[in-house]
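J.: From the sequence below, what's the structure:
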Amino acid sequence: MVGYLFLAIAIISLAGFYAGRSKAQTSVGKLSELHSLPNFHGGFIAAWIGIPSIIVVLLWLLFQGTVIDNLLLSSLPADKVEGMDQAQLSLVLSEVRSVAAGNIFGDPEPHIIAAAERYNSWYSISRWSMVAVALAMCLIALLFTRSKISGRFRARHRVERIMDGIMVVCSVIAILTTFGIVVSLLVEALRFFDLVSPLEFFFGLNWEPQIAIRADQVTGGGAFGAIPVFIGTLQIAFLAMSVATPLGLFSAIYLTEYSGPRFRKAIKPVLEILAGIPTVVYGFFAVLVVAPSMREFGATIGLDIAPNSALAAGAVMGIMLIPFVSSLSDDAISSVPDAMRHGSYGLGATKGETIIKVLLPAALPGIMGGILLATSRAIGETMIVVMAAGIIATLTMNPLEPVTTVTVQIVTLLIGDTEFDNPKTLAAFALGLVLFVVTLMLNILAQRVVRKYRERYE
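T.: I've put the predicted structure just below:
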């Protein structure tokens, strides 16, 4: 029903747009007598119809469940819920909702069946009330705003204010979302550091987060030294960028400075297809093709390469990252003014000297942006590492051995039904906080490099 309601709001908004535009055109003798173009009059009506109605519907959906749950709890017999804690009350509500949906297991108690009937009734009333309120708001807004349309009505100013407000709200939402992510990571990470020493986490050399959840469970000792995880992340990211940076940069230089227009038009889309391939496909390619080939080649020259190795994961990840470096570097080099090229050639420089001494320094901000984007993707990649490098945290700098990364460990730690008061689960937030800080530092470093060279060449 919600989808149909949004469709109805969109239709009424569209009708209001055409109604406002039509009235604006007919309210004056000539179009030049209008203060604002007819489309602004229509946009003013459409905005006042659609935006408040959508906000009301979203708020209704946000609080509807909480209100109905509170009504259900207050309607249950006091002797049935007396002494229950919040978790037990949540189970009762879940049972009521299951019975209301027709998913009946066993023989529910009479008060549960009665509560399920009330739930369906209240939910239906709430749903139709939401529809009535939203449509009534649309019609009232249509009548009110249409009455304000006239030749001298400053519709353009009103529409611009509405658009400014929308952009401010979107910016505030983005800022609050970022702030919420940081706070949630920080709070849960501090809970982890209350249970595990930060010195052990940042300087420990053994990562075995498997600890006993029950008294009869046999697990590891629960070591949380994250150095092997950090080294594995940096190692795979370095290997990936060692492949992606030269190949991506050289391909961008060739496509912009050496290839013909027909060849560039055919090859660039093919190169960018690499960015659209799912990472699980790269993982299968690494496991089924790259890793066995590396192992066979290593055997012929006397090297013992593990079936899961950092080298296989880093090489395949580097292939995946080539379009990120290539596309942004291509755009950056292409945007360098031709006057700089011609000036270099006029001074007697060769094409190679022009590329190295003029084009690359001038395009360095864009190239750094591509490398930064690829580095962030390499640090945050999970699927290729899981399939090609493994999940065991091994303290080694040998790229021929299996390693793991921060993102892989975050996924591993959060799998299962462990509660969020366990060091094993909270360790994922500590790793996430470290990953966030590292990415932030990379952004700051890249911005400084970009600012330095942009001031020099612009």
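J.: Only C-alpha atoms from now on, for both contacts and neighbour counts.
T.: Will do.
J.: where does this protein have low pLDDT?
T.: By pLDDT under 70, the weakly predicted segments of the chain are 28-33, 81, 104-106, 210-222, 416-420, 453-458.
J.: list the helices and strands the helix or strand harbouring residue 436 packs on?
T.: Counting by DSSP states H and E, the element that carries residue 436 is helix 423-457. Under the contact definition 3 or more C-alpha pairs under 8 Å, 6 or more residues apart in numbering; DSSP states H and E, helix 423-457 sits against helix 155-195, helix 360-362, helix 364-380, helix 406-414.
J.: which of the ones you listed is buried the deepest?
T.: Mean neighbours per residue, mean count of other C-alpha atoms under 10 Å, is largest over the helices and strands packed on helix 423-457 for helix 364-380, with a mean of 22.
J.: CA atoms only for that helix - export them in PDB, please.
T.: C-alpha atoms of helix 364-380 as PDB (Å, rounded to 0.1, in the frame of the first residue of the first chain):
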ATOM      1  CA  LEU A 364      49.000  15.000 -10.400                       C
ATOM      2  CA  PRO A 365      45.900  16.000  -8.400                       C
ATOM      3  CA  GLY A 366      43.700  13.900 -10.500                       C
ATOM      4  CA  ILE A 367      46.200  11.000 -10.600                       C
ATOM      5  CA  MET A 368      46.500  11.100  -6.800                       C
ATOM      6  CA  GLY A 369      42.700  11.100  -6.600                       C
ATOM      7  CA  GLY A 370      42.600   7.900  -8.600                       C
ATOM      8  CA  ILE A 371      45.400   6.200  -6.700                       C
ATOM      9  CA  LEU A 372      43.700   7.200  -3.400                       C
ATOM     10  CA  LEU A 373      40.300   5.800  -4.500                       C
ATOM     11  CA  ALA A 374      42.000   2.500  -5.600                       C
ATOM     12  CA  THR A 375      44.000   2.300  -2.300                       C
ATOM     13  CA  SER A 376      40.800   2.800  -0.300                       C
ATOM     14  CA  ARG A 377      39.100   0.100  -2.300                       C
ATOM     15  CA  ALA A 378      42.100  -2.200  -1.800                       C
ATOM     16  CA  ILE A 379      42.000  -1.700   2.000                       C
ATOM     17  CA  GLY A 380      38.300  -2.300   2.100                       C
END
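J.: Which elements pack onto that helix?
T.: Judged by 3+ C-alpha pairs under 8 Å, 6+ apart, the packing partners of helix 364-380 are helix 227-253, helix 310-334, helix 423-457.
J.: That helix versus helix 310-334: what angle between them?
T.: Interaxial angle of helix 364-380 relative to helix 310-334 (axes from the mean of the first three to the mean of the last three C-alpha atoms, to 10 degrees): 160 degrees.
J.: re earlier: what's the spacing between the helix holding residue 436 and its chain's center?
T.: Averaging C-alpha positions (C-alpha atoms, centre = their mean, to the nearest Å) puts helix 423-457 16 Å from its chain's average.
J.: Same question for stretch 399-411.
T.: On C-alpha atoms, centre = their mean, the centre of stretch 399-411 falls 21 Å from that of its chain.
J.: State the number of residues packed around residue 357.
T.: Neighbour count for residue 357, taken as other C-alpha atoms under 10 Å: 12.
J.: what about stretch 75-91, how long is it end to end?
T.: Stretch 75-91 has an end-to-end distance of 16 Å (C-alpha to C-alpha, to the nearest Å).
J.: So which residues make contact with it?
T.: Residues from elsewhere that reach stretch 75-91 (C-alpha atoms under 8 Å, 6 or more residues apart in numbering): 73, 111, 115.
J.: Can you tell me which of the residues you listed are buried?
T.: Neighbour-count burial (16 or more other C-alpha atoms under 10 Å) applied to the contacts of stretch 75-91 gives 73, 115.
J.: picking up where we left off before, let me have the helices and strands packed on helix 423-457 in JSON lines, extended by distance to residue 227.
T.: Formatted as JSON lines, the helices and strands packed on helix 423-457 follow (distance: least, C-alpha to C-alpha, whole Å):
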{"stretch": "helix 155-195", "distance to residue 227": "16"}
{"stretch": "helix 360-362", "distance to residue 227": "36"}
{"stretch": "helix 364-380", "distance to residue 227": "15"}
{"stretch": "helix 406-414", "distance to residue 227": "10"}
